[in-house]
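Asks: Predicted coordinates and the sequence they were generated for:
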Amino acid sequence: MYPANFFSVFPAFPRENKVFVAMSFAPQFTKRWEQVISPGIQRIEINGEQLQPVRVDQRNISDSILTEILTGVGRCRLVFGDITSMGMLGPRPMRNDNVLYEVGIAHATRRPEEVILFRSDNDHLMFDVANVRVNHYDPDGDPAGARDAVAKALLESLKEVDLTRNLAVQRAVDALDFASWRLLQEAAAGPLGSPMIRTMGDVMGQVYRVPAIQRLLEAGILAAKMTVFTNDLISQMDPNTPLENLYKYELTPFGQAVLKAAAVRMGIGKLDPGLIAKFAEGVSEPNKPEGGC
């Protein structure tokens, strides 16, 4: 499977608390994997969970190796690459082609701060990676210092990722209109029902709600929550049940972050919860039909 096809069907969305490691499996690199890279990665914790290093040779692979690589690059939180040369071929250093291929995929599909490169040589770098930041370490001569360098680089990358994520959240808050903000409040209490439009009155009543849901979906703030059909469900369903009742929308993790950021910006967290509840009772959503949806 070509990378473009893979990521068009399974877009990169890091969810696993792991670091994908691209490095040579040659014997001279075993020590740095066991004593430097793997323990350096595992030193980092996120929300009490230890980061885990992943290499494609560590598990039994029943499917395509390329698919396994693409999955790792796409789903792991960070990508770590050791592009150290394996020796000289005449005047030119030999670098592992497979490693460079994996690094290339990572650079094409992940943010720059999510890809961390290291090497332990001073040989000439090819022009296509010469302008990319490559960290130096000495895993054979100074394993302890190399572990520290790996851990430090990981922490710096995670901080940059958090900063980028925060900027994205703030931009999303900047783009919120009133209707979208009200829908966020509703979604925080549970999945939103799909608007039901049968009459002209429904059209007028949902004139703000329908486009607001569409905007939040496009921004990745809401996600569709589809009903899973089973024989039992179908047998118990009323034939007159509107199909809209089977389709709902819920906040994504990004949407939850946007909701929290909007609350901080509005200073809601500093207010008396009792006053907020009393105020909310007197606020009604404009043009919302009786009973909601």
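Replies: Noted; the coordinates are in hand. Residues are numbered from 1 along each chain as shown.

Asks: so residue 17 touches residue 51, yeah?
Replies: Yes - with contacts counted by Cβ atoms under 8 Å, residue 17 reaches residue 51, the gap being 5.9 Å. Bear in mind the C-beta positions are built from the backbone N, C-alpha and C, glycine included.

Asks: Have a look at those two and say which one is more surrounded.
Replies: Between residue 17 and residue 51, counted using other Cβ atoms under 10 Å, the more crowded position is residue 51 (22 against 16).

Asks: how close does the more buried one sit to residue 209?
Replies: 42 Å (Cβ to Cβ, to the nearest Å).

Asks: picking that back up, who touches both of residue 17 and residue 51?
Replies: Counting by Cβ atoms under 8 Å, 6 or more residues apart in numbering, the shared contacts of residue 17 and residue 51 are residue 77.

Asks: where in the stretch 151-293 of the chain is pLDDT low?
Replies: Applying pLDDT under 70 to the stretch 151-293 of the chain picks out residues 196-206, 228-229, 233-234, 237-245, 269-293.

Asks: which residues in it form helices?
Replies: Taking DSSP state H, counting those that start in this stretch to define them, one finds helices in the stretch 151-293 of the chain at 178-189, 200-205, 209-218, 231-236, 253-266, 273-281.

Asks: mind checking which of these is nearest residue 102?
Replies: Residue 102 lies closest, by Cβ to Cβ, to one member of the helices of the stretch 151-293 of the chain: helix 253-266, at 27.0 Å.

Asks: Could you export that closest one as CSV, CA atoms only?
Replies: Taking C-alpha atoms only, helix 253-266 is exported to CSV below (Å, rounded to 0.1, in the frame of the first residue of the first chain):
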residue,chain,number,x,y,z
PRO,A,253,-11.3,15.9,22.5
PHE,A,254,-10.5,19.0,20.4
GLY,A,255,-14.0,20.3,21.0
GLN,A,256,-13.6,19.8,24.8
ALA,A,257,-10.4,21.8,24.7
VAL,A,258,-12.1,24.6,22.8
LEU,A,259,-15.0,24.6,25.3
LYS,A,260,-12.6,24.9,28.2
ALA,A,261,-10.6,27.6,26.5
ALA,A,262,-13.8,29.6,25.7
ALA,A,263,-14.8,29.3,29.4
VAL,A,264,-11.4,30.6,30.5
ARG,A,265,-11.6,33.5,28.1
MET,A,266,-15.0,34.5,29.4
